[in-house]
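Student: got a predicted structure here, sequence first:
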Amino acid sequence: MTRDESRTGTGREAREAAAERAAISVRPEFQHSTGSGSREKVFEMKGIDVLYGGVAAVKGISMDIHRNDVTAMIGPSGCGKSTLLRCLNRMNDLIPSAEVRGELLYHGEDLYGPAVDPVQVRKLIGMVFQKPNPFPKSIYDNVAFGPRILGRKDDLDATVEKALRGAALWDEVKDRLDSNAFGLSGGQQQRLCIARCIAVEPDTILMDEPCSALDPISTGKIEDLMIDLKQEFSIVIVTHNMQQAARVSDRTAFLMVELDADEDNRWGRLVEYDETEKVFTNPSDRRTEDYVSGKVG
Amino acid sequence: MTGPGAAAPRNRLAMAGARATTQAMLRDQPRGDVIRNAVFAGLLLLAILIALAGLLALLIQAFTQGASALSTDLFTNPPSTAFPEKAGFRTAIIGSLELIAGVILFVVPVGIGAAIYLEEYADKSKWWNRLIEVNIQNLAAVPSIIYGILGLAFIVRGPLDLGFILAAGSLTLALLVLPMVIIAAREAIRAVPDSIRQGSLALGATQWQTIRSQVLPASIPGIATGVILAVSRALGETAPLLLVGATVFVTFDPTPFSPDGYSALPVQIFNYAVRPQEEFQALAAAGIIVMLGVLLAMNSFAIWLRNRYEQRW
């Protein structure tokens, strides 16, 4: 709470409330140095627009995502945060009417360049979805699917075990690897999906509201997992849960819905992108402040 | 302003009125509604009784006539026109088995392939894909005799020119049930949720890997059910077979490509049924029992398969 003491003026109470939330939830062991500016960039977005059937869903997004960070995207429903996330591993390509404009660099390479194969992109940039979506197969086969299609069949047992350990699921499932994944609880299923994702050894993991279908205990486990996983991977998470963003992320992007003059069209716009602590305790944009303090939702 | 004391009697009055109205509404269901309900329930019951009565009449008729002729000889003895006591269905049963084997060989790859194309690859915003869809729905409703004429013109004669052989009959029946298989397979494929496809694609699987390893295995129970139902339809078909050569009275075991002709179970039943002698009539009835048994077994197996292996999402 100390960092808030010097503040006065309008919106102070709201700021304090937000700061309290952040202070409670950002556990000290998870805080670390970020935003040095010299850190390696995974994604560089420069003026990204995403259109569905010619209508913009997000406009003019420019932001960099750094290596080994957990980057959170927050914002109200319909602000295009999931749309933006799906650009990053070209999942939007699956929607025929979707179109991405602007420049999106991944480790300096144009992700939408003519020679880039979206299938290869998705091997490097994994994704975990909102609703756990295990395959209707055994736990083992769920995790082994990725390595198998990549032709990495040597020592598959070790790969599966490593991935399940990485997703903090091994101890719970090691005795029933052959049973159907549908028998797991929702939280276990989601961790299985994370294990499935890391078994492919991606470089980045995108998570689209990974805890929205889960209970608080499972959510806590997955949040802990994110903190562990960022040692090895870069993580981008979309969440509508501000406290979650405050708890797990190093940097936070706040997106907002913008309307045109006639209010006929709406699209998402990046309002603020900064270190998580700053976004939650001392945002530079009034709209961010209103959102993180719960004034608007 | 009236005080709380003054409001109380009026409140009581209002509540009493409301209660009386409610009681009246709860009690008096209009008489007309009661009668209409009963009439419609009766009519619906009648509808199902009519359907069952037809089936029951068929079963009773077949069993009373054919019970005397039922024996294992039916399966082992070849047909005969001269000695009804020795006549059986052996060659017809073998012919039917070979016919449906051919149907399965053709219909499974082609039907599943077409279904995969329509569900997973076809861009539904294109008019030709929508046209194909509508056509397949319509083809499933085309009378079977039309397929018989098609088989005669294009398979027995015409471009393929196979002659009156069993394989030509197989191919004709396969064309007949192909739309059924496509429709069933499409439904099974559509039942696999998109989240499974997305999960697979997000791991870097190609579209084909996703279909082969995720979509198809998850939809196989539904596809198998559709195939079995289609095959049982093919097994019972007579009309198209009459046009493509299954009319011959064969006393030898047929082979798929032999030009000597072939027969099938329903055609053989027809052949016996049109004979004047009582014994052949009984034989035909026994054949019907055999065929009903086979069809019932196949359909039951299809239902069991669906209930046992159907994936619930």
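Tutor: Cool, the structure landed.
Student: which of the residues in the longest helix seen in chain B are buried?
Tutor: Criterion DSSP state H: the longest helix present in chain B is helix B:31-66. Under the neighbour-count criterion of 16 or more other Cβ atoms under 10 Å in any protein chain shown, helix B:31-66 has B:A62, B:Q65, B:G66 buried. In short, each C-beta sits where N, CA and C put it, glycine included.
Student: and the second one, how far from chain A?
Tutor: Using Cβ to the nearest Cβ, to the nearest Å, one obtains 49 Å as the distance from B:Q65 to chain A.
Student: who touches that residue in this structure?
Tutor: If you count contacts by Cβ atoms under 8 Å, 6 or more residues apart in numbering or on different chains, B:Q65 has them with B:Q281, B:A282, B:A284, B:A285.
Student: the third one: what secondary structure?
Tutor: Assigned by DSSP: H, G, I helix; E, B strand; the rest coil, the conformation of B:A284 is helix.
Student: tell me how far it lies from chain A.
Tutor: 47 Å.
Student: same question for the first one.
Tutor: For B:Q281, the distance to chain A equals 52 Å [Cβ to the nearest Cβ].
Student: burial of that residue, as a residue count?
Tutor: B:Q281 is flanked by 18 other residues according to other Cβ atoms under 10 Å in any protein chain shown.
Student: SS state for it?
Tutor: helix.
Student: per-residue confidence at the nearest residue to it once chain neighbours are set aside?
Tutor: Nearest non-adjacent residue to B:Q281, counting by Cβ to Cβ, 6 or more residues apart in numbering or on different chains: B:Q65, 6.2 Å away. At B:Q65, the predicted lDDT confidence score is 87.
Student: also A:E13?
Tutor: As predicted, A:E13 sits at a pLDDT of 57.
Student: so who does B:F164 touch?
Tutor: Contacts of B:F164 (Cβ under 8 Å, 6+ apart): B:V156, B:V244, B:G245, B:V248, B:P259, B:G261.
Student: tell me the contacts of the residue lying closest to the last one once chain neighbours are set aside?
Tutor: The shortest distance from B:G261 to any residue other than its chain neighbours is 3.2 Å, reached at B:V248 (Cβ to Cβ, 6+ apart). Contacts of B:V248 were listed using Cβ under 8 Å, 6+ apart, and they are B:F164, B:D260, B:G261, B:Y262, B:S263.
Student: residue of chain A nearest chain B, please.
Tutor: Relative to chain B, the nearest point of chain A is A:K123 (3.2 Å; Cβ to the nearest Cβ).
Student: and the helices in the chain?
Tutor: This is for chain A. Counting by DSSP H, the helices of chain A are A:12-25, A:81-88, A:118-124, A:139-149, A:156-166, A:170-173, A:186-199, A:216-229, A:242-248, A:276-281, A:286-292.
Student: ah, I was thinking of chain B
Tutor: Assigned by DSSP H, the helices in chain B fall at B:4-27, B:31-66, B:73-76, B:90-116, B:127-139, B:144-150, B:166-190, B:194-202, B:207-210, B:216-236, B:239-243, B:265-273, B:278-309.
Student: where's the first one relative to the chain centroid, distance-wise?
Tutor: It stands for helix B:4-27. How far helix B:4-27 lies from its chain's middle: 61 Å, per Cα atoms, centre = their mean, to the nearest Å.
Student: repeat for the second one
Tutor: Between the mean C-alpha location of helix B:31-66 and the chain-wide mean there is a distance of 22 Å, by Cα atoms, centre = their mean.
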